[in-house]
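Undergrad: Structure of the sequence below:
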Amino acid sequence: MVKYDEGFKQNVVDAYLAGEGGYASLAIRFGIQSKTNIRKWVSAFQQFGKQGLASKKAITNYPVQFKLDVLNYKVKTGDSLEEVARKFGITEPPMILNWLRKWQNEGIEGLSKSKGRPSLSNESKRNKNEKKLTKEQQLLKEIELLRAENAYLKKLRASGVNIPSRLLKQNPGSFTNSEKQFKLAVILEATGFPKATYMYWQKRFNESNPDEEIEKIIQDIVDKHNGNYGYRRIDMELRKRGYIVNHKKILRITNKLGITCTSFTRKSRKYSTYKGTIGKISKNLVNRRFHTSIPHQKLTTDTSEFKYYTTDSDGKIIIKKAYLDPFLDMFNSEILSFRFSERPNAQAIMDALDEAIEITKDCPYRTTIHSDQGWGYQMKRYVRKLKDNGIFQSMSRKGDCLDNSPMENFFGIMKQEMYYGRVYKSFEELKQAVSDYIFYYNNERIKAKLTGMSPVEYRLHTSQLAA
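TA: Model (predicted):
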């Protein structure tokens with residue numbers, strides 16, 4: 001591997017900064033094997049000056065406390081290696097990653113290990129001291145160590161500090177309590193910790209939690225949305241509230257708090273409205289072109305089946321069914337209208353259609369309403385209603401659910417968040433839950449594709465921009 005001195009690197013950097021050529025041309029001119037070297041030199045010079053061009057041999061050894069400060073900053077902020085290196089004036093960013101790995105695997109002693117064969121003097125001294133102990137003294141010492149282990153090691157973890165897994169055997173309160181009962185030397189021998197490691201974590205446990213405020217806000221978001229938000233949507237919700245937090249830090253906090261997105265899936269027979277050709281089958285005008293920049297231009301509809309449970313006079317459980325007929329705007333995935341009934345019927349579809357038509361009258365273009373080939377959408381009443389209001393009718397191909405994926409997507413999300421894993425004991429209870437969820441879905445539930453807004457927020461926002 002070719003090595004270059006500082007003077008040579010400086011000449012190359014000066015030539016680049018003077019505009020004498022790019023990385024590739026300067027590599028040929030100076031006989032450098034890879035243009036990547038020049039890119040690194042220029043970046044190091046711009047960040048650290050001449051010190052950035054110094055050879056690795058000229059780099060001084062960093063003290064353990066400095067390494068800990070760097071790692072604490074990296075863990076708390078989530079900044080990249082380059083950003084942390086620039087902050088602390090470190091010329092080799094990969095060095096930080098090496099420190100982090102040693103710290104995670106070996107603790108603080110991993111940051112202070114010197115190269116070469118470890119000294120045997122301490123081990124030999126310890127063995128000599130042990131030989132001087134009588135059998136009775138040795139037994140007393142073992143009893144003391146066992147007592148220390150019971151009081152110190154076998155307590156459950158109660159701290160979220162990112163301690164290396166092999167060191168995390170205690171809770172923060174055990175430090176002070178154990179010191180009152182046992183000598184420090186006994187605790188260190190029982191735990192196998194170096195003194196520096198023990199004192200460092202004792203100091204960390206006494207510090208206040210810097211993330212306490214953001215943890216409370218995250219917990220509030222999760223509780224408000226019934227555990228349906230993962231860390232990505234928590235990130236979007238925090239930004240809406242004016243908190244800019246790195247998404248990796250949010251993930252660490254959710255893991256610390258034991259927060260997981262609770263969604264349930266359960267396979268069941270899909271309700272089908274297809275009864276054959278009983279009326280007119282329209283063409284697939286939408287043809288999976290679901291995107292539109294105009295509100296109320298493209299709507300879609302379908303029917304989905306729900307179940308609830310009641311008991312008869314003998315106490316026997318009876319499974320009953322209910323049906324949801326919504327109309328969804330493809331512009332922002334907003335549910336414009338819906339009906340919830342105890343049986344599939346034409347009147348529920350027509351009532352929801354009438355409401356959707358009334359809402360979409362402000363559209364400057366002709367509206368298209370898409371559906372599958374269900375019997376309700378082939379009815380003469382339905383077809384005539386669309387025609388009388390100048391609305392295009394579009395139908396999916398037979399047996400192809402992907403042709404109506406926006407509606408299928410809504411049903412899937414809805415059932416995961418309010419239906420699967422729950423038992424409803426009456427039609428009224430289920431109807432109220434469906435109504436509440438649709439209001440929540442339209443007005444509060446944020447979506448990534450709507451730039452972190454709810455469907456209604458997005459519609460109002462775009463209308464204000466267009467005004």
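
Undergrad: For the protein, which helix or strand comes out least confident on mean pLDDT?
TA: Taking all helices and strands of the chain together, the one with the lowest average confidence (mean pLDDT, DSSP states H and E) is helix 173-181, at a mean of 50.

Undergrad: Who are the packing partners of the helix or strand hosting Glu429?
TA: Here Glu429, judged by DSSP states H and E, is contained in helix 427-443. Contact here means 3 or more Cβ pairs under 8 Å, 6 or more residues apart in numbering; DSSP states H and E; on that basis helix 427-443 packs against strand 304-311, strand 317-329, strand 334-341, helix 405-418, helix 455-466. All C-beta spots, glycine's among them, are computed from the backbone N, C-alpha and C.

Undergrad: among those, which is nearest Gly230?
TA: helix 405-418 (12.0 Å; Cβ to Cβ).

Undergrad: pLDDT averaged over that closest one - what is it?
TA: In this model, helix 405-418 has a mean pLDDT of 93.

Undergrad: and the closest residue to Thr36 other than its chain neighbours, what does it touch?
TA: Once flanking residues are discounted, Thr36 sits nearest to Tyr23: 7.9 Å by Cβ to Cβ, 6 or more residues apart in numbering. Tyr23 sits next to 16, 35-36, 38-39 when contact means Cβ atoms under 8 Å, 6 or more residues apart in numbering.

Undergrad: With distance to Asn443 as added columns, please give those residues in TSV.
TA: Shown next, in TSV, are those (distance: Cβ to Cβ, whole Å):
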residue	distance to Asn443
Tyr16	55
Lys35	54
Thr36	52
Ile38	55
Arg39	50
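
Undergrad: Now, of these, which are buried?
TA: 16, 38 (16 or more other Cβ atoms under 10 Å).

Undergrad: Kindly reformat the contacts of Tyr23 as TSV containing distance to Ala185 and pLDDT.
TA: Shown next, in TSV, are the contacts of Tyr23 (distance: Cβ to Cβ, whole Å; pLDDT from 0 to 100):
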residue	distance to Ala185	pLDDT
Tyr16	59	86
Lys35	58	84
Thr36	52	85
Ile38	56	84
Arg39	53	84
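
Undergrad: how would you label Tyr420: helix, strand or coil?
TA: At Tyr420, secondary structure determined by DSSP: H, G, I helix; E, B strand; the rest coil is coil.

Undergrad: That one and Asp223: what is the separation?
TA: 20 Å (Cβ to Cβ, to the nearest Å).

Undergrad: Counting neighbours, go ahead and name the busier of the two.
TA: Comparing Tyr420 with Asp223 by other Cβ atoms under 10 Å, the one with more neighbours is Tyr420, at 14 against 10.

Undergrad: And the strands in this structure, which stretches?
TA: Per DSSP state E, the chain carries strands over the ranges 298-301, 304-311, 317-329, 334-341, 368-371, 392-395.

Undergrad: what's the most buried one of those?
TA: strand 298-301 (a mean of 27; mean count of other Cβ atoms under 10 Å).

Undergrad: Neighbouring strands of it in the sheet, and parallel or not?
TA: Here strand 298-301 has these sheet partners by DSSP bridges: strand 317-329 (antiparallel), strand 368-371 (parallel).

Undergrad: Report the angle between the first one and helix 427-443.
TA: In other words, strand 317-329. 30 degrees (axes from the mean of the first three to the mean of the last three Cα atoms, to 10 degrees).

Undergrad: got the angle between strand 317-329 and helix 405-418?
TA: Going by the same axes, to 10 degrees, strand 317-329 makes 130 degrees with helix 405-418.

Undergrad: Tell me how the chain divides into domains.
TA: 1-59, 125-206, 212-257, 298-466 (automatic domain parsing).
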